[in-house]
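# Need a 3D model of the sequence below.
(one chain, ligands or ions: 1)
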Amino acid sequence: MHAMLWESLRNNQVQCQLCAHKCLLKNGDKGRCGVRLNKNGTLLSLVTNVATSLQLDPVEKKPLYHFLPGSKIFSIGSAGCNFSCKFCQNYAISQIQQHGRIPGKVIEPDELVNLAESKSVRSIAFTYNEPTVFFELMYKTTGLAQTSDIRSVIVSNGHMSQECLQTLARRLHAANIDLKSFRETFYKEYCNGHLQPVLDNLKTLKSLGVWLEVTTLVIPGLNDGDAELRDIAAFIHDELGRETPWHLSAFHGDYQMTDHPATPVARLEDAWRIGRETGLDFVYIGNVRTLLGGDTFCPQCGEVAIERKGYAVSIRGKAGVCPSCKADLPGIWQ
Ligand code: SF4
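Now for the predicted structure:
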């Protein structure tokens, strides 16, 4: 199927405009993501109707803590990725460049929306592998979902092009974007990507009014130094706003980093304190058992507004309103 967002060049070459890599492809070449192919000077997407995972998840699993809390979200994954993170938890569907086969089954956007409707969900997530690389499937599905009053969410590495983001943003309601590090060397060495496009896209998402939450997978010895964590927290605070939730997620060995130690709970708790000291109102800890970083507190009076134990959610009073001082809490609640 013809791809969107690319340019035709001389001698049957094309340039893909979908993500910040902007791959230049000769006839017969595939992009870094493994799912876009130059065929005789036309760019094709190989995943316009391919799904590898269809699941009903708690929205907290994305993680989104200020978006329809306690609801289920219909979650769709396809294949390929524009990054090749050495610690990828979904490498079987993301790192398909290695074996060249595209896993999954054929399913069309209208069937996806019908499935979501049959499960009575209020939202759909494009997740599991990087949704940018299955843009065409996502774009059509979000359009149909809008007409069915179902909201759309991306869980992304944030390395899409500005053109991609601008095209998609009107159909998007929320995003959880990874800010994996605040060092270009980390992005280059461990992800095969770049930091600056992610920072730019975070700011663009905010300015376009998409509800935004940020996740950092804290990896011992690689991105967990105090200075780097402070840099991330300061960027979120200064550029995205203190009301932007920051999720700190525990690393467990995976893919090419199975021997790397897991994140100690105490380090996540240190990171939580750094986030709060930097002035962020909502800092959360995920993937581990700890008493810290699960609940939502009112920034005005400090009262607990939402309690969480794992994926169990208990909203005190009306969602989005402090049960004590009645201040409005930032997010999408209805
Ligand atoms: S989506 Fe990104 S990685 Fe894939 S072909 Fe386009 S520019 Fe390259």
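# Contact partners for the residue of the stretch 51-200 of the chain found nearest the ligand?
Nearest to the ligand in the stretch 51-200 of the chain, going by CB to the nearest ligand atom, is Asn82, at a distance of 3.9 Å. Bear in mind the C-beta positions are built from the backbone N, C-alpha and C, glycine included. Contact analysis of Asn82 by CB atoms under 8 Å, 6 or more residues apart in numbering lists Cys19, His21, Gly31, Arg32, Cys33, Glu130, Thr132, Val133, Asn157, His159, Gly193.
# doesn't it fall inside a strand?
No - according to DSSP: H, G, I helix; E, B strand; the rest coil, the state of Asn82 is coil, so it is not within a strand.
# Against Asn223, how distant is it?
20 Å (CB to CB, to the nearest Å).
# same question, Lys61
From Lys61 across to Asn223, the span is 22 Å (CB to CB).
# of the two, who's got more company?
Asn223 (21 against 17; other CB atoms under 10 Å).
# what's the closest non-adjacent residue to that one?
Ser181 (4.4 Å; CB to CB, 6 or more residues apart in numbering).
# Likewise for Gly286?
Leaving aside its sequence neighbours, Gly286 sits nearest to Ser249 (CB to CB, 6+ apart; 4.8 Å).
# just checking, that neighbour is part of a strand?
Yes - assignment of Ser249 by three-state DSSP places it within a strand.
# Surely it touches Asn287?
Yes - counting by CB atoms under 8 Å, Asn287 is a contact partner of Ser249 at 5.1 Å.
# Please point out which parts of whichever helix or strand Ala305 is part of sit buried.
Using DSSP states H and E, the element containing Ala305 is strand 304-309. Within strand 304-309, the residues that qualify as buried are Ala305, Ile306, Arg308, counting by 16 or more other CB atoms under 10 Å.
# Tell me the helices and strands packed up against that strand.
strand 296-297, strand 312-315 (3 or more CB pairs under 8 Å, 6 or more residues apart in numbering; DSSP states H and E).
# Please identify the most buried of the ones you listed.
Greatest average neighbour count among these goes to strand 296-297 (a mean of 20), per mean count of other CB atoms under 10 Å.
# sec struct for the residue nearest to Asn223, please.
coil.
# So it sits against Tyr187, correct?
Yes - between Ser181 and Tyr187 there is a contact at 6.2 Å, judged by CB under 8 Å.
# Overlap of the contact sets of the two?
Leu195.
# List of residues touching the helix or strand hosting Leu37?
Applying DSSP H and E as the criterion places Leu37 in strand 36-39. By CB under 8 Å, 6+ apart, the residues outside strand 36-39 that reach it are 3, 6, 12-14, 16, 18, 23, 25-31, 43-46, 133.
# so what's Pro220 up against?
By CB under 8 Å, 6+ apart, the neighbours of Pro220 are Phe251, His260, Pro261, Ala262, Thr263, Pro264, Arg267.
# mind running it again at 10 Å?
Contacts for Pro220 (CB atoms under 10 Å, 6 or more residues apart in numbering) come out as Ala250, Phe251, His260, Pro261, Ala262, Thr263, Pro264, Arg267.
# and of these, the nearest to Thr296?
Ala250 (19.6 Å; CB to CB).
# who does that closest one bridge with?
On the basis of DSSP bridges, Ala250 is bridged to Val218.
# My read is that it contacts Tyr284, right?
No - in this structure, Ala250 is not within contact of Tyr284 by CB atoms under 10 Å, at 11.9 Å.
# out of those two, which sits in the busier spot?
Tyr284 (23 against 20).
# does the more buried one belong to a helix or a strand, and which?
Judged by DSSP H and E, Tyr284 forms part of strand 283-286.
# what's in contact with that strand?
Residues contacting strand 283-286 (CB under 10 Å, 6+ apart): 60-61, 63, 65-66, 213, 215, 217-218, 233, 236, 245-250, 263, 265, 268-269, 271-277, 291-296, 308, 310.
# These, buried ones only, as a PyMOL selection?
To isolate the buried subset of these in PyMOL, counting by 16+ other CB under 10 Å, use the following:
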select buried, resi 60+61+63+65+66+213+215+217+218+233+236+245+246+247+248+249+250+263+268+269+271+272+274+275+276+292+293+294+295+296+308
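# Please flag which of the contacts of strand 283-286 sit within strands.
Glu213, Thr215, Leu217, Val218, Trp246, His247, Leu248, Ser249, Ala250, Thr296, Arg308 (DSSP state E).
# a markdown table please, covering the residues you listed and showing pLDDT and distance to Val113.
Below are these laid out as a markdown table (pLDDT from 0 to 100; distance: CB to CB, whole Å):
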| residue | pLDDT | distance to Val113 |
| --- | --- | --- |
| Glu213 | 98 | 24 |
| Thr215 | 98 | 27 |
| Leu217 | 98 | 31 |
| Val218 | 98 | 36 |
| Trp246 | 98 | 32 |
| His247 | 98 | 28 |
| Leu248 | 98 | 34 |
| Ser249 | 97 | 30 |
| Ala250 | 96 | 34 |
| Thr296 | 98 | 31 |
| Arg308 | 96 | 29 |
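# Now compare those and name the two farthest from each other.
Farthest apart among the ones in strands among the contacts of strand 283-286 by CB to CB are Leu217 and Thr296. That separation is 21.3 Å.
# quick one, phi psi at Lys30?
Backbone torsions of Lys30, given as degrees, to the nearest 10, read phi -110, psi 150.
# Alright, calling it a day.
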